[in-house]
Structures are given as C-alpha cells and as structure tokens.
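Undergrad: what follows is a protein structure lacking sequence information:
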C-alpha cells in the first residue's frame, strides 16, 4: 500500500462531512429507544418512503441483506447498509485516483473506518454511558435539519444514491455522531476519566519530557532538477510551494533517477550538517536549506522568528524524528536523522521558552489535549476491540456490493 493510498483515509472522511456536520443517528437508535419519525413541517422530504436498491452477491448468488450483520465490534452490530456505505465510498475514491487495489486492500480501509466509528461507542458502553432523551433530541434535530435540505423524497433519494447511503444508514451515522460527542465529552473533557488538566500540562513543560526543537529538513527529492517553467519565480515561492514542485518532479523520475537524486540530497544534508557542526548560525541554515514548511519564518526580516516545534514523545511525528529529538541535550545538534517518510533531518534542541509557553498556554494545552486523546483512543483501538465477522466477509470481492 502506498503513502498516497494511506492519505485517502482522511479524504473519504471529509466526503462524509455533510452527515457528520449535522449530527448522528443509527438503526440502533431505534433499538436504543430513539423514535425518529423524520417528520418536519418545513421539509418536503420525510425519509420514510425512500427505498434505495442495494445488493450483495456471494459466490455468484445474490443474498438477502435484510437484517444482515456484516461484523460485530465489541458486541455492537454493523449492518450491511452501513458496511456498504464505507465499502462503496472507499472504492469510489480509490477508483477516482486510478490506484490499483484488491478486495483485501479495500477491507483494510473499511475496517479502519468502522473501528474509528465504533471504537468510541465501545468506550462509551464500557464506561456506562447511555443514550438518553437529550441525546435523542440532538439526533432528531440533526436528522430533521438534513431532510430540510431536500425539497422532495426523490431529491433526497438521489442524494442518498450518490453518497452510497440509505435512510437507515443516515440515521445510523447521526446516532454515532451524537454518541461519539457524548462519550468524548464525558471521558476526555474536564472531570472525565482521561482528562489532563492544564496545571499538570504546564508542569510537564518544565521537564525533559517536553522538547522544543528546530531542524533543517533536506527531503530525498531536494536536489531534483526542475524545468525552466517550474523554476519561474522560485525565489518568491513559499517553502510549501517549493516542496510540492520538487516532490512532483521527483515522482516523475524512474527508480534509477530517484536513487541518483537521493544521493545528491544526502550529500547536501552532509554539507548542512558540517556547517552546523562548524558553528554556523543554525537559523541561517534553516533559512538557506530547510524544506519543512513548519520551520518557515514568521518574520521575513528576522531569521530567529522561527518558533520551532514544542512536543512530547506522544506527538504523532515520525518516530525517527521523535527519537532523534529526545536523544539530544539542550543546545545539542544531531547527526543526520533519516526518516523514510521525509528524508534527512539535522535537529537542534533548544531550551523551552517559558515566556512563549505562558503567552501561548491555551493553544499549547489544546494541542497537547488532542494528542493525548488520539494516543488514548489509538491505544484503545489497538488493544481493546474484539471484532467478529460474518462468513460473507471473507468471500467479498470488489464487485460483491452494489
């Protein structure tokens, strides 16, 4: 699986923004005590009479999908309709990028989506968080607001088909959103089981477990030769635009040509490292050689305006960068740290600027809180989910679901 394919995970999540931005629902909502009628006096579409044709073919024969459960995650059933939504959505996205993939590849993406969606629900059940009347009100509001966007059931049906949805799946997703918000609020916000308070965070910033670094990134493709057209206006381009142009040109090369470019880029990184070891101003080296947009100047007239990165070992930086950073003492410069994802890093660890931390405490704490949520949630998904599959799951082919 290529890095490009992995990036599509996020893209597909964005495609569902119309649903997740409105709220949540689930066929389980009905079984959980939700009585969603879909009736709204201001909307022509009710959702009740919309029938979307779906099908599942196994071993050459179409099977009955009524009440079919494709898998169960920690005891929570995933219906065929919802599984179909993720399956066809991912399939459509991969096809649009003209990427070759197998049914097994597609299963990886679909199950990653379902784990993300159902893991938070499983955490809620594990911690006794229930669906209540106030949650049903949020669900009903979200569902009604969606229906109000359509002037007729036909219009609603067309939209459902274009999104690989059924009305039942819309309700399922809305239910999941409501419950996900509730579980997050009760477990991760103030007073919750996993909440980290601001004072504890500020104390952490005073220890060696909190780092501030600046670095020069020399990507594998740094020495790619550009066409005259691509070089036009080069000096005025931002770092991220230069990065994109070089990467695009590099990706057009043959494997042999790429290896030659990587050798030149490594030689450039060696040169930068030697300059750093010889005592040349590190900020000037960043200004002259760095290709990481995160190290861009905040003040073009002041090369020391680079803030750098503030982080702990829990941040989602590439592991090589994390290890290289925390191996350094304050004011120490690393040797070349190579990361497969980016290329060559020359890292300098700086003392944490306490004044900067004080002035930006809210933003830094919010960032840290999100990181800790992701770490806790990822650990939970990795270690606490029990998934049971229907026998049809192993028999799925790329064209089994329509």
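TA: Received the coordinates, thanks. In this text the structure is predicted, and so the values were computed from the model without any measurement.
Undergrad: got the buried residues for stretch 322-333?
TA: Within stretch 322-333, the residues scored as buried using 16 or more other CB atoms under 10 Å are 322, 324-325, 328, 333. Just so you know, the C-beta spots here come from the backbone N, C-alpha and C atoms, and that holds for glycine as well.
Undergrad: end to end, how far does that stretch reach?
TA: End-to-end distance of stretch 322-333: 14 Å, with CA to CA, to the nearest Å as the criterion.
Undergrad: stretch 302-315 now?
TA: Looking at stretch 302-315, the gap from its leading to its trailing residue is 28 Å under the measure CA to CA.
Undergrad: quick revisit: out of the buried residues of stretch 322-333, which comes closest to residue 165?
TA: residue 322 (39.7 Å; CB to CB).
Undergrad: beyond the helix or strand where that closest one lies, next helix or strand please.
TA: The secondary structure element spanning residue 322 is helix 319-326 (assigned by DSSP states H and E). For helix 319-326, the succeeding helix or strand toward the C-terminus, using DSSP H and E, is strand 337-339.
Undergrad: just checking: what are the partner strands of that next one?
TA: According to DSSP bridges, the neighbouring strands of strand 337-339, each with its direction, are strand 343-350 (antiparallel).
Undergrad: which residues sit against the partner strand?
TA: Applying CB atoms under 8 Å, 6 or more residues apart in numbering, the contact partners of strand 343-350 are 211-222, 265-266, 269, 272-273, 276, 282, 285, 308, 320-321, 324-325, 328-334, 336-339.
Undergrad: same question for stretch 281-289.
TA: Stretch 281-289 is contacted from outside by 214-216, 218, 268, 272, 275-276, 295, 297, 303-304, 306, 333, 346, 348, using CB under 8 Å, 6+ apart.
Undergrad: strands along the stretch 251-400 of the chain, start to end?
TA: Assigned strands in the stretch 251-400 of the chain, in chain order: 309-311, 337-339, 343-350, 387-389 (criterion: DSSP state E, counting those that start in this stretch).
Undergrad: residue 156: which of the ones you listed is closest?
TA: Ranking the strands of the stretch 251-400 of the chain by their distance to residue 156 (criterion: CB to CB) puts strand 387-389 first, at 32.0 Å.
Undergrad: can you get me a residue count around residue 134?
TA: Taking other CB atoms under 10 Å as the criterion, the count of residues near residue 134 is 10.
Undergrad: quick one: low-confidence residue ranges for this protein.
TA: 1-45, 47-48, 297-301 (pLDDT under 70).
Undergrad: domain ranges for it, per the record?
TA: Following the assignment in automatic domain parsing, the chain carries domains at 3-194+383-395, 207-351.
Undergrad: on the three-state scheme, residue 154 is what?
TA: Reduced to three states with DSSP: H, G, I helix; E, B strand; the rest coil, the structure at residue 154 is helix.
Undergrad: next: residue 192.
TA: coil.
Undergrad: which ones are touching it?
TA: Contacts of residue 192 (CB under 8 Å, 6+ apart): 185-186.
Undergrad: with residue 193 instead?
TA: 127, 187.
Undergrad: repeat that with 6 Å
TA: Going by CB atoms under 6 Å, 6 or more residues apart in numbering, residue 193 touches residue 187.
Undergrad: thinking again about what came up before, looking at the domains of the chain, which is closest to residue 401?
TA: Judged by CB to CB, the one of the domains of the chain that comes nearest to residue 401 is domain 3-194+383-395, at 5.0 Å.
Undergrad: how close does the nearest residue to residue 113 once chain neighbours are set aside get to residue 75?
TA: Taking CB to CB, 6 or more residues apart in numbering, and ignoring the residues beside it in sequence, residue 113 has residue 86 as its nearest neighbour in space, at 4.8 Å. Relative to residue 75, residue 86 is positioned 20 Å away (CB to CB, to the nearest Å).
Undergrad: which one's more surrounded, those two?
TA: More neighbours surround residue 86 than the other of residue 86 and residue 75, with 24 against 9 (other CB under 10 Å).
Undergrad: which phi and psi does the more buried one have?
TA: Reported as degrees, to the nearest 10, the phi and psi values for residue 86 are phi -70, psi -40.
Undergrad: related to what we said a few turns ago, which of the strands of the stretch 251-400 of the chain sits closest to residue 183?
TA: Going by CB to CB, the one of those nearest residue 183 is strand 387-389, 19.0 Å.
Undergrad: centre of the chain versus the closest one, how much separation?
TA: Relative to the chain's own centre, strand 387-389 is displaced by 24 Å; criterion: CA atoms, centre = their mean, to the nearest Å.
Undergrad: direction included, what does it pair against?
TA: In the sheet containing strand 387-389, its partner strands are strand 69-73 (antiparallel), by DSSP bridges.
Undergrad: what's the next secondary structure element after the strand it pairs with?
TA: Scanning the chain past strand 69-73 towards its C-terminal end, the next helix or strand to appear is strand 76-79 (assignment: DSSP H and E).
Undergrad: ok, the contacts of stretch 281-289 vs residue 154, which is closest?
TA: For residue 154, the nearest member of the contacts of stretch 281-289 is residue 295. The distance, counting by CB to CB, is 53.2 Å.
Undergrad: count of neighbours near that closest one?
TA: A count of neighbours around residue 295, defined by other CB under 10 Å, yields 20.
Undergrad: with residue 296 instead?
TA: Other residues near residue 296 number 16, with proximity taken as other CB under 10 Å.
Undergrad: rewinding a little: so which of the strands of the stretch 251-400 of the chain comes closest to residue 113?
TA: Among the strands of the stretch 251-400 of the chain, the nearest to residue 113 by CB to CB is strand 387-389 (12.9 Å).
Undergrad: contacts made by that closest one with the rest, please.
TA: Residues from elsewhere that reach strand 387-389 (CB under 6 Å, 6+ apart): 71-73.
Undergrad: strands of the stretch 1-150 of the chain, residue ranges please.
TA: Using DSSP E, counting those that start in this stretch, the strands of the stretch 1-150 of the chain run over 56-58, 61-63, 69-73, 76-79.
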